[in-house]
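Student: give me the fold of what follows.
(3 chains)
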Amino acid sequence: MAGLIPAYDSAEKLELLPTPTSPGQVAVRNVRRRPDAILGGILLGIVVVAALLAPALAPFDPFSPKGPSLAPPSPPHLMGTDALGRDLWSGVLYGARTSLTVAFLVGLMVLVIGTLVGTTAGYRGGWVDDVLMRFTEVLQVLPRFFLALVVIALFGPGLDRLVLALGLSSWALLARVIRAEVLSLREREFVEAAVTMGAPVRRIIFRELLPNILPSAVVVLSLLLAQVMLLEASLGFLGLGDPNTISWGYLAGQAQRFLRVAWWLSVFPGAAIMMAVLGLNLVGDALTETLGGRT
Amino acid sequence: MSATILDVSNLSVVFGKGSAAVPAVRGISFAVARGETLGIVGESGCGKTATGLALLGLLPSSGRVTSGVARLGNRDLLAMSPRELRGIRGRRLAMVFQDPATALNPVLSIGRQVSEAVAAHNSELDRAQAKKRALDLLEAVGVPDPAARYRDLPHVWSGGMRQRAVVAMAIANRPRLLIADEPTTALDVTIQAQVLDLLRLVQGETGAGLILISHDFGVVAEMSDRIAVMYAGEIVETGTAGKVMETPRHPYTAALLRSVPDLDLDREQLEVIGGQPPNPSLLPSGCPFRPRCFLSGGRAVCRETAPRLDGEKGSHQAACHFAAELAIR
Amino acid sequence: MTARYVARRLAQVLPAVVGVLLIGFLLIQLAPGDPILALAGESGDAEYYEFMRQKFGLDRPLPDQLWAYFSNVIRGDLGVSYVHGRSVAAVIGERLPATVLLTSAALVLSSIVGIGLGIYGGLRYRHPDDLLLNVTALSFYAAPVFWVGQLALLTLALGLGWFPVQGMTTAGASFTGFAAVRDVAAHLALPALVLAAQEIAAVTRLTRVGLINELASDHVRTARGKGLAERIVIVRHGLRRTLLPVVTVIGGRIGHLVSGAVVVELVFGWPGLGRLLVGAMQNRDTPILLGMFLLVATSVIIANLLTDLVYGWLDPRIRLR
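Tutor: Next comes the predicted model:
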């Protein structure tokens, strides 16, 4: 009988057991090869580089009306100029900063609040869960565009108001997704094992739950940030962004009056927005598919 | 001698493409005779489900048959056009799928799904006639009061009842060959027995051949006339049920048999086979069972040469270099 | 669909509406300066402010204010726009039909075209057709709606002259009857298409993915295993389940549609809420903005309710309970 349970040497063992990986690691490995993820990454990369290196890459100060008014794209103004003679290429570069800053800050807020609410609701359950979910239901219904308008009208325009308004109203979906994941993971054996071992709640959440939730959270977040960028662009289009910063939406909004004579004022800023949003969507989609569409 | 209804030679199935291609089934051959039950047994991932799906042409889009001939009657299943296959499926050849919870369409009534199986190959029947046949079928598989339950949606039925409905759909047109893929895995033990009885009954009445696929040796042992043991995409042993179970010739079969819990034997621990089935894309060199084999003892031939099934097709065959030694132990 | 399901769904509407109103109230209170500015605009005189103060109970304790606010809004009194000199409800009511027309046209268009394209793409999965469709849908999904509008304007209207450039009707002309309808339709075409573009992309993507997943599911495998004709497998077994969630999504995107409509109106000079909104922003006419916020939020709530009811009716698991 003992002969049936073989002792094998370590060399053999390597052939048997595949290296253990967390869902996050698996996802990253699979995603890296996908063409859509690669393309998305490149697009996003371009935008990030533009934002970071704007001062170095921009030949002109985007606010200074030095050039000829409404000049079509030609050297030295590769994307043309606007009615006030401001260089569009520089404007687009600096616009990247605004969009990315807003997206990043909103993303941070959404991540923190959404994770907090989602894990609490999912883990505690009971009336805490009910109350929090009621709250998120109301938030999910809110039209964020109009909410932002009201906020700007009441509190005045500015990047901080915008970020706060969007951040405080956009976490609902992430909270729900995280809550759903927590609910399903809570019953799994590895969590029960941790609880039985007497691990404190905080440790369970951080060590066991969050790493498994991370992939879904990233997917939701990437798609959310794409929405936020579009929202911010629309608000800029209406002239409601921060007056001290250049934003792509604002540039496109300015173009409306001169559409007949200056097509470049609309085409380039819009294309920039599309590039950034497309990048986010592609990465988000690639991640969703890799994770088996669990979200 | 009973007539052979299915004769499979050198069937291979691969999943994925190019460098990521994974061989799920590696050149297996077997045959099923009329009225006979062939039990295909093996651990998860050994390729047994892929075998069943390949015969029906129902592999997922990532899978494809790369070699083999599967003769049903006088036609090669693997060479048929999609249209021809559709004519065969549900009529000459049918499958009882694994998980009744997902195998049934959740938004269509069960009765509708069963009568659909009838109507698929009997276009001359009208709605009412098809429904009547469906009711007869449901009664035959042991569903109490089918008329009252005809319009029920699958989720209101229990797992056992659902599986009976799946069987009803499969036998609707009296197929010559039934493939049952883990028909009892998703069910309670008590229901398992009922479903197996049902399959046996169906077989008795129609004389159909049955391929019973399972990872549970107990299930296979109970029902099969012949057994094929699969490991890592290959058949490592095959023969009549009695011979394979009483005098196994492959170490894997022996180990599997030892691990079936038996109340009669006086044991304190459950026997297990150490290790895990190999990753199909990372097969060990030589014999795939080698890392877990108690018979090999590290002998070089096991590492160098992959063993083939010995003997004639139809006899008690095993794919092991040292099958003879096993008999002595 | 049981009365219980309907009742339960309806019961969820009330807390949502209350929540929205609360948020509106909260914003007014939190804003810097006198809350009266939010309710009566910034350009009123002392007498007017006093009148509004009384009306909204701003000199009374907070709970009373809340109650006054609630009861006013429920009765349809959203305050008065000093800029326009009329009640908010009246001003919004005037511009609403044009926006509703635009939004509805886009909704219908996007549903039909989106589902159609999604089915096509799902069936042609992994073919080059599908790839092209997917790429196109992705692009439109990522493009800001005002940009699509501007591009369409530049190329199709200004460039090729296929569509009128601005407005809802041809200026100066006075059509009647059928000619009038045709005129409006001609002006509606491009803005509706532009607004629908992003929605079509969203619906197409969802339908396509849904169908692909359904066609790979176990129960479709069973259906094929019965030897059913592929057409029946696709329609009866694949599509039914695919379309159910699409219905929910279409309803749920009303909020996006209206926001988009506002922007599209500005690009095409469509006389709806868009222009009203810009004017209100410029003049800090907060009653109008608050009114619009509440209106759109309520529309979203109602749209969600209707979609859920339709879903409940379509999904036999809920209907027959």
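
Student: can you dump the C-alpha atoms of the helix or strand hosting residue C:257 in CSV for me?
Tutor: Residue C:257 belongs to helix C:254-268 when assigned by DSSP states H and E. Taking C-alpha atoms only, helix C:254-268 is exported to CSV below (Å, rounded to 0.1, in the frame of the first residue of the first chain):
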residue,chain,number,x,y,z
ILE,C,254,-31.1,58.2,-20.9
GLY,C,255,-29.0,60.4,-18.7
HIS,C,256,-26.2,60.3,-21.2
LEU,C,257,-28.5,60.9,-24.1
VAL,C,258,-30.0,64.1,-22.6
SER,C,259,-26.5,65.4,-21.7
GLY,C,260,-25.4,64.7,-25.2
ALA,C,261,-28.6,66.3,-26.6
VAL,C,262,-27.8,69.6,-24.9
VAL,C,263,-24.4,69.7,-26.5
VAL,C,264,-25.5,68.6,-29.9
GLU,C,265,-28.2,71.3,-29.8
LEU,C,266,-25.4,73.9,-29.4
VAL,C,267,-23.5,72.5,-32.3
PHE,C,268,-26.4,72.5,-34.6
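
Student: what packs against that helix?
Tutor: Packing partners of helix C:254-268 (3 or more Cβ pairs under 8 Å, 6 or more residues apart in numbering or on different chains; DSSP states H and E): helix A:144-155, helix A:210-237, helix C:88-123, helix C:145-152, helix C:177-215, helix C:273-282, helix C:286-314. Heads up, the C-betas are built off the backbone N, CA and C, glycines and all.

Student: if we use 7 Å, what do you get?
Tutor: Packing contacts for helix C:254-268, counted by 3 or more Cβ pairs under 7 Å, 6 or more residues apart in numbering or on different chains; DSSP states H and E, involve helix A:210-237, helix C:88-123, helix C:145-152, helix C:177-215, helix C:273-282, helix C:286-314.

Student: export these to a markdown table and tack on distance to residue B:149, mean neighbour count and mean pLDDT?
Tutor: What follows is those, written out as a markdown table (distance: least, Cβ to Cβ, whole Å; neighbours: other Cβ atoms under 10 Å in any protein chain shown; pLDDT from 0 to 100):
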| stretch | distance to residue B:149 | mean neighbour count | mean pLDDT |
| --- | --- | --- | --- |
| helix A:210-237 | 39 | 23 | 88 |
| helix C:88-123 | 33 | 19 | 91 |
| helix C:145-152 | 51 | 25 | 91 |
| helix C:177-215 | 26 | 20 | 89 |
| helix C:273-282 | 54 | 20 | 87 |
| helix C:286-314 | 23 | 21 | 86 |
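
Student: redo these as CSV? Include distance to residue C:77.
Tutor: Rendered in CSV, the data for those read as follows (distance: least, Cβ to Cβ, whole Å):
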stretch, distance to residue C:77
helix A:210-237, 29
helix C:88-123, 7
helix C:145-152, 33
helix C:177-215, 31
helix C:273-282, 18
helix C:286-314, 10
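
Student: quick one, which of the ones you listed is nearest to residue A:268?
Tutor: helix C:145-152 (10.2 Å; Cβ to Cβ).

Student: specify the angle between the closest one and helix C:177-215 in degrees.
Tutor: The directions of helix C:145-152 and helix C:177-215 differ by 120 degrees, with axes from the mean of the first three to the mean of the last three Cα atoms, to 10 degrees as the criterion.

Student: tell me the angle of helix C:145-152 relative to helix A:210-237?
Tutor: 50 degrees.

Student: just give me how far helix C:145-152 sits from the chain centre.
Tutor: On the basis of Cα atoms, centre = their mean, to the nearest Å, the separation between the geometric centre of helix C:145-152 and that of its chain is 18 Å.

Student: cool, stretch B:210-221 as well?
Tutor: 7 Å.

Student: pull out the buried positions in it.
Tutor: For stretch B:210-221, a neighbour-count test (16 or more other Cβ atoms under 10 Å in any protein chain shown) marks B:210, B:211, B:212, B:213, B:214, B:215, B:217, B:219, B:220, B:221 as buried.

Student: mind checking which of those are in strands?
Tutor: Cross-referencing the buried residues of stretch B:210-221 with the strands (criterion: DSSP state E) gives B:210, B:211, B:212, B:213, B:214 as the overlap.

Student: bridge partners for the third one, pull those for me.
Tutor: This means residue B:212. Partner residues in beta bridges with residue B:212: residue B:39, residue B:180, with DSSP bridges as the criterion.

Student: list the contacts of it.
Tutor: Counting by Cβ atoms under 7 Å, 6 or more residues apart in numbering or on different chains, residue B:212 touches B:37, B:39, B:180, B:220, B:223, B:224.

Student: would you mind listing what in chain C touches chain B?
Tutor: For chain C, the residues found near chain B under the criterion Cβ under 7 Å from any Cβ of the partner chain are C:216, C:218-219, C:221-229, C:237, C:240-241, C:315-317, C:320.

Student: tell me who's in contact with residue 169.
Tutor: By default, I'm working from chain A. Listed by Cβ under 7 Å, 6+ apart, the contact set of residue A:169 reads A:139, A:142, A:144, A:147.

Student: not quite, go with chain C.
Tutor: With contact set as Cβ under 7 Å, 6+ apart, residue C:169 has these partners: C:183, C:184, C:187.

Student: mind putting the residues you listed into a markdown table with distance to chain A?
Tutor: Converted to a markdown table, the contacts of residue C:169 look like this (distance: Cβ to the nearest Cβ, whole Å):
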| residue | distance to chain A |
| --- | --- |
| C:183 | 23 |
| C:184 | 23 |
| C:187 | 17 |
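
Student: returning to that earlier point: which one among the contacts of residue A:169 gets closest to chain B?
Tutor: Nearest to chain B among the contacts of residue A:169 is residue A:139, at 31.4 Å by Cβ to the nearest Cβ.

Student: just send the buried residues of stretch B:210-221 back as JSON lines, with pLDDT too.
Tutor: JSON lines is the format used below for the buried residues of stretch B:210-221 (pLDDT from 0 to 100):
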{"residue": "B:210", "pLDDT": "94"}
{"residue": "B:211", "pLDDT": "95"}
{"residue": "B:212", "pLDDT": "94"}
{"residue": "B:213", "pLDDT": "94"}
{"residue": "B:214", "pLDDT": "92"}
{"residue": "B:215", "pLDDT": "89"}
{"residue": "B:217", "pLDDT": "86"}
{"residue": "B:219", "pLDDT": "87"}
{"residue": "B:220", "pLDDT": "89"}
{"residue": "B:221", "pLDDT": "87"}
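
Student: and of the residues you listed, the nearest to chain A?
Tutor: When those are compared for distance to chain A, the smallest value, 15.0 Å, is given by residue B:217; criterion: Cβ to the nearest Cβ.

Student: got a list of what that closest one touches?
Tutor: For residue B:217, the contact set (Cβ under 7 Å, 6+ apart) comprises B:41, B:256, B:257, B:260.

Student: how about a cut-off of 6 Å?
Tutor: For residue B:217, the residues meeting the contact criterion (Cβ atoms under 6 Å, 6 or more residues apart in numbering or on different chains) are B:41, B:256, B:260.

Student: from these, which ones fall inside helices?
Tutor: Assigned to helices by DSSP state H, the following of the contacts of residue B:217 qualify: residue B:256.

Student: now, of the contacts of residue B:217, which are buried?
Tutor: Here the buried ones among the contacts of residue B:217, as counted with 16+ other Cβ under 10 Å, turn out to be B:41, B:256.

Student: and the contacts of residue B:212, which is closest to chain A?
Tutor: For the contacts of residue B:212, the closest approach to chain A (Cβ to the nearest Cβ) belongs to residue B:220, at 20.1 Å.
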